[in-house]
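> Need the 3D shape of this:
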Amino acid sequence: MKKTITILTVALLSAGVLLILPLCLAQMAGPPGPWTKYTGNPVIITGTVDSWDSNSVGDPAVISDGPAYKMWYDGGDTGGIHSIGYATSTNGITWTKYAGNPVITGTIGNWDANVLNGDVVFDGIMYRMWYWGADSIPGIYAIGYATSTHGVAWTKYAGNPIITTGAASNWDSQYVLCPGVISDTGLYKMWYTGVDDGGTWSIGYVTSTNGISWTKYSGNPVLQTGPSGSWDASRVLCPEVVLDDTTYRMWYTGQDADGTRRVGYATSSDGISWTKSASNPVLGEGALDSWDANVMHVGVILQGNAYEMWYTGGQDVWHTQIGYASAAALKQIYLPVVLKSYRS
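Numbering: from 1, shown residues only. Predicted coordinates:
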């Protein structure tokens, strides 16, 4: 997001050469400031006893479509089966669950007997979803693809799964899960979680021209766990990426050696080389006995001069609900200079 707000011209005379320097003052959306949790959290809670989402709700993917916010999220029942549901809101805080939920379910005995939410991109005509599935939890995980014309009735791609585990000894040889996707000038870019045979959790990068056939980056993984004793020393997972002009901004879940999960932030100029924020974690856990004693698996959008986040919170990682947080965009000013010379 870039908006030109002023143009200045400076003239210098040196050695008979007139240098005219148009200074283009550009304003960027900028990075997020401190995050503030909504005091009325959680904003989406588990369903009634015996419902499809009675045990957990989480992994929100949110888009702003005109006057409405639209969210897709996964829910788990008391039997441990996970499906994907849909909800709408006019303000991002008060949500109405779709009466026909869940909108995507698993197929017993298939690779996606459980379906868990990943990310959704709307291109103006089609809603495109990348989700992760598992034959059981824990089990064999892979990433699938589905499309919809209105975000409610979804058609799974017949050739699913579209991303599977890598070869033995690769960084993603054991699991692939939790995709985050953006569309950037005709190219789909995905960051996803991979787990190797030794149990190391990392984040990798893949690209696609059609959302179905993906090319894994040869230098994967692109984001790794922190040093021993750090807040993300045990795992990094579930990336969410926003492209702000030329800056990629990633929010990801980190887990420490004690199993507590928090949300971190990293930036990149190319989506490959990432710099973790010195302020990490940027969204911390609540009190020990609170509903969000762990915070994780977020959806983030940039709306004007503010970032909005929907995050998963829980006493543990499987009994969860969804909360809301916001942060102001800290404006950045750039002064690119163009030199033109005129000899007198």
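> what about the strands in the stretch 151-300 of the chain?
Along the stretch 151-300 of the chain, the stretches classed as strands by DSSP state E, counting those that start in this stretch are 155-156, 175-184, 187-195, 201-208, 215-216, 235-244, 247-255, 261-268, 275-276, 294-303.
> Reformat these as CSV; add mean pLDDT and mean neighbour count.
Bear in mind the C-beta positions are built from the backbone N, C-alpha and C, glycine included. Shown next, in CSV, are these (pLDDT from 0 to 100; neighbours: other C-beta atoms under 10 Å):
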stretch, mean pLDDT, mean neighbour count
strand 155-156, 98, 14
strand 175-184, 97, 22
strand 187-195, 98, 23
strand 201-208, 98, 22
strand 215-216, 98, 14
strand 235-244, 98, 23
strand 247-255, 98, 24
strand 261-268, 98, 22
strand 275-276, 98, 15
strand 294-303, 97, 22
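> Dump those into CSV; add distance to Y141 as well.
CSV is the format used below for the strands of the stretch 151-300 of the chain (distance: least, C-beta to C-beta, whole Å):
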stretch, distance to Y141
strand 155-156, 16
strand 175-184, 4
strand 187-195, 8
strand 201-208, 12
strand 215-216, 16
strand 235-244, 12
strand 247-255, 16
strand 261-268, 18
strand 275-276, 25
strand 294-303, 15
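> Tell me where the model's unsure across the stretch 1-150 of the chain.
1-28 (pLDDT under 70).
> let's go with 50 and repeat that
1-27 (pLDDT under 50).
> before we move on, the earlier item: and V103, which of the strands of the stretch 151-300 of the chain is closest to it?
strand 155-156 (11.3 Å; C-beta to C-beta).
> Point out the other elements, helices or strands, that that closest one touches.
Packing partners of strand 155-156 (3 or more C-beta pairs under 8 Å, 6 or more residues apart in numbering; DSSP states H and E): strand 141-148.
> And the strands of the stretch 151-300 of the chain: which comes nearest W35?
strand 261-268 (8.3 Å).
> any residues touching the closest one, and which ones?
With C-beta atoms under 8 Å, 6 or more residues apart in numbering as the test, strand 261-268 has contacts from 31-32, 223, 231-232, 236, 247-256, 274-277, 279-285, 294-296, 298, 311, 317.
> ok and that strand relative to strand 187-195, angle-wise?
Taking axes from the mean of the first three to the mean of the last three C-alpha atoms, to 10 degrees, one finds that strand 261-268 is oriented at 140 degrees with respect to strand 187-195.
> Output strand 261-268 in CSV, but only the C-alpha positions, please.
C-alpha atoms of strand 261-268 as CSV (Å, rounded to 0.1, in the frame of the first residue of the first chain):
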residue,chain,number,x,y,z
ARG,A,261,2.5,-21.3,22.5
ARG,A,262,2.7,-17.6,21.6
VAL,A,263,2.6,-15.5,18.4
GLY,A,264,5.7,-14.1,16.8
TYR,A,265,6.4,-11.7,13.9
ALA,A,266,8.9,-11.6,11.1
THR,A,267,9.5,-9.5,8.0
SER,A,268,11.0,-10.2,4.5
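> Tell me what angle it forms with strand 294-303.
Interaxial angle, strand 261-268 versus strand 294-303 (the same axes, to 10 degrees): 40 degrees.
> State the distance from Q224 to V195.
12 Å (C-beta to C-beta, to the nearest Å).
> And for V115?
Distance from V115 to V195, by C-beta to C-beta: 19 Å.
> Quick check: closest non-adjacent residue to G58.
T312 (3.6 Å; C-beta to C-beta, 6 or more residues apart in numbering).
> So in terms of bridging, what pairs with the one you found?
Under DSSP bridges, the beta-bridge partners of T312 are M296, I322.
> wait, isn't it in contact with A325?
No - in this structure T312 lies outside contact range of A325 using C-beta atoms under 8 Å: 11.8 Å.
> of the two, who's got more company?
Taking neighbours as other C-beta atoms under 10 Å, T312 and A325 compare with T312 leading, 29 against 22.
> And the residue nearest the centre of the chain?
Residue closest to the average C-alpha location in the chain (C-alpha atoms, centre = their mean): E240, at 1.5 Å.
> tell me the contacts of that one?
Listed by C-beta under 8 Å, 6+ apart, the contact partners of E240 are D119, G180, M250, W251, Y252, V298, G299, V300.
> Can you lay out the residues you listed as CSV showing distance to I137?
Shown next, in CSV, are the contacts of E240 (distance: C-beta to C-beta, whole Å):
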residue, distance to I137
D119, 20
G180, 20
M250, 25
W251, 24
Y252, 21
V298, 21
G299, 21
V300, 25
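> didn't D245 look like it was pressed against A29?
Yes - D245 is within contact range of A29, at 7.2 Å (criterion: C-beta under 8 Å).
> Report the contact partners of the closest residue to Y311 other than its chain neighbours.
Leaving out its chain neighbours, the residue that sits closest to Y311 by C-beta to C-beta, 6+ apart is V298, at 4.4 Å. V298 is in contact with P60, C238, E240, W251, T253, V263, L283, M309, W310, Y311, T312, counting by C-beta under 8 Å, 6+ apart.
> Can you tell me which of these is closest to S83?
Closest approach to S83 among the contacts of V298 (C-beta to C-beta): P60, at 14.5 Å.
> And that closest one, which helix or strand is it part of?
strand 56-65 (DSSP states H and E).
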